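>>> would you be able to build a 3D model of this:
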Amino acid sequence: MRHEILVFQRDIDRWKERCKPILGIDFHAPGGCETKGLYFNLKHRDGKTIEWIEKISFEIDKKYISDEYKKFTIWKERWQTPTFSVL
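As a prediction, the model looks like this:
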């Protein structure tokens, strides 16, 4: 993991302790094969998360958003994987 990512991760952890956020949005460019439009890759299915996603997607022009814009994913926590900086 790059140093700047570790710094960013620590800043977010401090921010979470102070502010108790209910939603975080991380914007990325889609991959070359992703042509169906914007989607939300969600880790949690709780009601508050879904409520915010519905509000945000309502404001986006439908030509830019995927028909399946709520994707639920279970992924391994990459941040816990040992690296040169975190052993």
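>>> C-alpha only now, for contacts and for neighbours.
OK.
>>> nearest residue to the middle of this structure?
Residue closest to the average C-alpha location in the chain (C-alpha atoms, centre = their mean): D26, at 4.7 Å.
>>> the strands in the chain, which residues?
According to DSSP state E, the chain carries its strands in the segments 38-42, 65-72.
>>> ok so, going back, could you measure the residue nearest to the centre of the chain against I12, distance?
Between D26 and I12 the distance is 12 Å, computed by C-alpha to C-alpha, to the nearest Å.
>>> ok, now E59?
27 Å.
>>> compare the two (neighbour count), which wins?
I12 (13 against 8; other C-alpha atoms under 10 Å).
>>> and the pLDDT for that one?
Looking at I12, its pLDDT is 84.
>>> now do it against C19, distance only.
I12 is 10 Å from C19, by C-alpha to C-alpha.
>>> also I56?
The gap separating I56 from C19 is 21 Å, by C-alpha to C-alpha.
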